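Predicted structure and sequence below. I'll ask about it afterward.
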Amino acid sequence: MREWVEGRVVDNVRHTGELFVLHVEADIEPFRAGQFTKLALNIDGELITRPYSMVNSPSEQMLEFYFNTVPNGDFTSRLSKLQDGDDILVAPEASGTFTLDEVPEAEHLWLMATGTAIGPFISILKTDTPWERFSRIVLVHGVRHASDLNYQETIAEFSVREPEKFTMVPFVTRHETDFAMTGRIPDAIKDGSLEQKAGLKLNPDSSQVMICGNPGMIKESKEVLNERGLMKNLRRKPGHVTTEHYWQDD
Ligand SMILES: Cc1cc2nc3c(=O)[nH]c(=O)nc-3n(C[C@H](O)[C@H](O)[C@H](O)COP(=O)(O)OP(=O)(O)OC[C@H]3O[C@@H](n4cnc5c(N)ncnc54)[C@H](O)[C@@H]3O)c2cc1C
């Protein structure tokens, strides 16, 4: 297997100040929705690589990545400057177990993300599998500002197509809006306000939860879900909560 394939940037669109959607053409192997690949750039003579989740569905040829520039971030400071026609290396084989085939059967699927970690959920929701497997799907997306809520058109399409099945619950932490919840996701799980907003109970009998993004949010959400009997999902010991951390807590 080749370690890297040459990719070509098709566009790199700034959504808001620090959020970017990158489209790349690259001949990679088939992948499963929710997986990630590695991107690599030669920066000052050194090959720097980072993992990024695919936002496109496995059936879409064009690779899509959603990222934010991290202050003093070695990779994203360069990634954000790429333009149409630039080269980027892409690992041809996707990795990761943050996929629906790792999630046990249940009635309801809860997908909880912070920031750019909505990406793998968009990929998953673009496939038929979640809609065939679950009777209700709740997508929870936490951001700082309402303007950070990207992918609204795609999400609206899910709502139009599956109005009975699909519920979107946005969280905006830095200011009040007339549509989003304002607090933090773990607190809203704990005090029941997330369930109230979604009109659905979170419990071990009916729920599977996938959580992606900020490690602090994942840790706290896991703790409050744990208190309600929703346990970590492991291959050797199936449970209810499947997670993907985008970085390590310092
Ligand atoms: C499996 C996996 C999939 C990932 N998929 C994505 C993705 O689709 N989109 C995406 O934006 N990122 C994703 N990441 C994170 C990504 O790989 C990089 O870590 C991130 O883009 C920062 O890279 P950097 O070199 O600019 O910053 P670095 O120099 O690596 O990090 C600088 C500091 O910022 C922290 N940090 C890293 N990422 C963030 C962040 N997003 N917000 C705040 N602090 C951060 C690090 O802990 C570190 O302390 C993924 C990570 C993993 C493990």
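Looks like it arrived, so ask away. As the structure is a computational prediction, the values presented were derived from the model and not from experiment.

was I right about I122 contacting Q152?
No. The pair I122 / Q152 is not scored as a contact, 11.1 Å apart, by C-beta atoms under 8 Å. No exception for glycine: its C-beta is placed from N, CA and C like everyone else's.

Looking at the two, which one has more neighbours?
I122 (24 against 11; other C-beta atoms under 10 Å).

The more buried one - nearest residue in space that isn't next to it in sequence?
Closest residue in space to I122, ignoring its immediate chain neighbours: V55 at 5.1 Å, by C-beta to C-beta, 6 or more residues apart in numbering.

Can you identify the element that follows the helix ranked longest in the chain toward the C-terminus?
The residue-count maximum for a helix in the chain (DSSP state H) belongs to helix 215-227. As assigned by DSSP states H and E, the chain's next helix or strand after helix 215-227 is strand 241-245.

Summarise which helices and strands that following strand is packed against.
If contacts are counted by 3 or more C-beta pairs under 8 Å, 6 or more residues apart in numbering; DSSP states H and E, strand 241-245 sits against strand 207-213, helix 215-227.

tell me which element N12 is part of?
strand 5-16.

Does that strand pack against any helices or strands, and if so which?
Using 3+ C-beta pairs under 8 Å, 6+ apart: strand 5-16 touches strand 19-25, strand 87-90.

And the ones you listed: which comes nearest the ligand?
Closest approach to the ligand among the helices and strands packed on strand 5-16 (C-beta to the nearest ligand atom): strand 19-25, 8.6 Å.

And the ligand, is the following helix or strand past that closest one touching that?
Next helix or strand after strand 19-25 toward the C-terminus (DSSP H and E): strand 36-43. Yes. Using C-beta under 6 Å from any ligand atom, strand 36-43 reaches the ligand at F36.
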